[in-house]
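1. Give me the fold of what follows.
(chains A and B, ligands or ions: 2)
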Amino acid sequence: MTTTAAESTDQAESALLDQHKQFLSETQPAADILALNESAIQRFEVLKFPYRKHEMYTFVNTKDITAAPYVFSYGASVAEDFIKKHVYPGCEKSVLVLVDGVYRENLSDISGTSVRLMPIVEALSQADIKSYLESTVANENDVFACINSAFLNHGLMIDVPEKTQSESPLQILHVSTGSPAGKVTTLPRVLVRLGVMAELKLIVKYAGVQGNYFVNSVLDVLVGEDAGVAFTQIQQDNGDAWHCSKNRIVLDRNSRFHASNASYGNKLTRHHYEVHLKETGAELWLNGVSVLTDEEQVHNFVRIHHAAPHCVSNQQFKNIVDDHSRSSIDGTVIVNEGAQLTVSDQLINNLMLSDNAHADNKPNLMIFADDVKCTHGATIGQINEDQLFYLKTRGLSTKIAKELLTKSFADSLIQTIAFPAVVEDLENTLLKKLES
Amino acid sequence: MLEIKDVRAGFDGTEIIKGITLSVKKGEVHAIMGPNGSGKSTLAKILSGHPSYEVMSGEVTLDGQNLLEMEPEKRALKGVFMGFQYPVEIPGVNNAEFLRMAYNAKRIHEGQEELDPLDFDEILTEKMKVLGMEQKYKDRSLNEGFSGGEKKKNEILQMAILEPKLAVLDETDSGLDIDALRVVANGVNKLRNENNALILITHYQRLLEYIQPDFVHVLSQGKIIKSGEKGLALELEAQGYDWLTTTH
Ligand SMILES: Nc1ncnc2c1ncn2[C@@H]1O[C@H](COP(=O)(O)OP(=O)(O)OP(=O)(O)O)[C@@H](O)[C@H]1O
Ligand SMILES: [Mg+2]
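-> Ligands and ions are numbered 1, 2, ... in the order given. Here you go, the predicted structure:
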């Protein structure tokens, strides 16, 4: 007899609960972190693994990443060359390397920055951090983020002191070592806090030494009053890997978070953005570009909460899907009662290069205030025949002309990234995927 | 050089070009005039190989070779240039980079080495000066946000760089003020020689004051209803097309 999806999910859930008991007895967490681990596993029991039709995973098949018990990896050795290759020029003295979720001081260098580091386990002694993390766990709706908190042990907190700025961007490099044997799971966890009027340029890059891993990452960014973050996340995992990342951003009065995401895709990537425009005058920009070939998948799940008046959120996504690849954007902007004079735009453009590719869109607005300006739109298109013809009449072959058009489609978003070294790298690697 | 023989063509089964025969020899300039919707642009698109248009019968040869079975890029490499009535905008494609790619595609076809950006820039700078184009158009996206006149100048710039054997210019004069028209005409005249040929599609005789045609053809409802020398253009200007279509 074959097991049903429900039965195997039940089994995976009880396997995870057992595994959690074992985790607690092995690591013997201190009281503060223990409380967090325990409430997270209780939350997990409520949320459960998604199977059947789950509204948060409309376009995502999570079968491969719900196969608990997980084999956790906390970092093998990594060749220095590999690290060097993935550190952007200009970040040599402002780079934090986490290998399989574990901060590696010997591979990192933050001498060029004014940030302060502390294990999250220690940061929990601060009342505001403790209550923040407790509330995120209590309100967690993402089961994978919940698992990250349940097994949270190695997380890193980055403090950006008030009124500080750094010249060069800070890069967080997440290296997954992967495994030649069975699939391993890693749980990177980073919490960034910006003081009043602090400015941070932050690059987060995910890369894998070899395949066969599931990186299940959570990043919290707490942006203080009048502070600003220029953020770029690059998902460049091994193709034979799974990736979940939840980025939770909380914006205080008059703060800014300008984000760009670039995704190379793999077996399954799911980005979850949960953004709280908590106080008046906050501003979010969120761009995303994916270039997918073969069977690669990238899914974006975005929830933006406008909780205060005079906030702005601006999103633009561009996806190129070729072969049998899949992308999806499930994005909702929630404008709470009282969030008057909200301005919000969401635009999704997809370029389909193959009839077998999929690009799903679910833009949505939930508005409970009456004086707002919100728009959203989505397009799915093929290569524009008139543009293609024009280029061909100038002697360019169909292949070259198509490459030029697809690259330019994605490049217009890549060009908006605030870091020239990242732009150059994406043009040389992400866009190279479009050359056959 | 170019032989069009009894061509019938259109799209979706509708015939728009209803039997056109035209012979263009090297060194010649032919003007094609005619009212709106008479099929002028359709003829140009047939010559450049637009995939939406189909040729139902007849033949077109370039130096004895069947043009109709060539892909648009092959026609371009053989020396056919199309100056579009409505050039498309291509956001994100850098104008100078595109021009270099087109130039190098031709060089490779001719067995020459590609030019690197620096060497090409010299050529480009020079040609832009001749056309009175500001250098800033190098860094802009191809035709994006260009005014009508700027787009037309950009077409002529491409022609100047590709040095075609046969250029078909579809209403390159419309959207240009008189100064720009002079500059464009000047640019075109500089490219003329005894080995190349030009087909000028236009509404007005104004352009023909600056680029003297050897022949003028009047196209109406998909047919050439009258051909003559350049005096015909003046007559048309004075009397309008009705004069021809009613007496025809
Ligand atoms: N892609 C198209 N789709 C629909 N109709 C078309 C298309 N192309 C041409 N036509 C029709 O074919 C006829 C000829 O059009 P064409 O553009 O060749 O005329 P033209 O002589 O260039 O006109 P104009 O002086 O306005 O440029 C017109 O009736 C036009 O509406
Ligand atoms: Mg026309």
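2. residues in contact with residue B:233?
-> Shown here is residue B:233, whose contacts under the criterion Cβ atoms under 8 Å, 6 or more residues apart in numbering or on different chains are B:31, B:33, B:205, B:208, B:213, B:216. C-beta coordinates here come from the backbone N, C-alpha and C atoms, glycine included.
3. count of residues packed around the nearest residue to it once chain neighbours are set aside?
-> What sits nearest to residue B:233 in space, not counting adjacent residues and going by Cβ to Cβ, 6 or more residues apart in numbering or on different chains, is residue B:205, at 4.3 Å. The tally of other residues near residue B:205 (other Cβ atoms under 10 Å in any protein chain shown) stands at 19.
4. The one 5 residues further on too?
-> Residue B:210 is flanked by 16 other residues according to other Cβ under 10 Å.
5. Find the nearest non-adjacent residue to it, please.
-> residue B:185 (3.3 Å).
6. can you check residue A:166 too?
-> residue A:113 is the one closest to residue A:166 (Cβ to Cβ, 6+ apart), at 4.8 Å.
7. quick check, the one you found in a strand?
-> No: using DSSP: H, G, I helix; E, B strand; the rest coil, the assignment for residue A:113 is coil, not a strand.
8. That one touches residue A:172, doesn't it?
-> No: using Cβ atoms under 8 Å as the test, residue A:113 is too far from residue A:172 to be in contact (11.6 Å).
9. Tell me the secondary structure of the residue nearest to residue B:210, please.
-> Applying three-state DSSP: residue B:185 is helix.
10. and if you look at residue A:412?
-> Of the three states, residue A:412 takes helix under three-state DSSP.
11. Would you confirm that it contacts residue B:92?
-> Yes: between residue A:412 and residue B:92 there is a contact under Cβ under 8 Å: 4.5 Å.
12. how much space is there between residue B:178 and ligand 1?
-> Look at residue B:178 and ligand 1: by Cβ to the nearest ligand atom, to the nearest Å, they are 21 Å apart.
13. And residue B:175, by the same measure?
-> 12 Å.
14. same deal with residue A:200?
-> 52 Å.
15. Equivalent analysis for residue A:275, please.
-> 45 Å.
16. next one: residue B:90
-> 19 Å.
17. same thing with residue A:45?
-> Residue A:45 is 62 Å from ligand 1, by Cβ to the nearest ligand atom.
18. For that residue, grab phi and psi.
-> With angles defined as degrees, to the nearest 10, residue A:45 sits at phi -60, psi -30.
19. related to what we said a few turns ago, from what I see, the residue nearest to residue B:233 and residue B:234 are in contact.
-> Yes: the pair formed by residue B:205 and residue B:234 meets the contact definition of Cβ under 8 Å, at 6.2 Å.
20. Tell me who's in contact with residue B:20.
-> B:4, B:6-7, B:43, B:58, B:219, B:222-224.
21. how deep is residue B:154 tucked in, by neighbour count?
-> Residue B:154: 22 neighbours (other Cβ under 10 Å).
22. How confident is the prediction for it, by pLDDT?
-> At residue B:154, the predicted lDDT confidence score is 92.
23. same deal with residue A:425?
-> For residue A:425, pLDDT reads 95.
24. now the strands for the stretch 51-200 of chain A?
-> A:95-99, A:102-103, A:116-119, A:156-160, A:170-176, A:184-186, A:189-194, A:199-208 (DSSP state E, counting those that start in this stretch).
25. Each with direction, which strands does the second one pair with?
-> Read it as strand A:102-103. Sheet pairing for strand A:102-103, assigned by DSSP bridges, gives strand A:95-99 (antiparallel).
26. and residue A:221, helix, strand or coil?
-> Classified using three-state DSSP, residue A:221 is strand.
27. count of neighbours near it?
-> Residue A:221, neighbours per other Cβ under 10 Å, totals 24.
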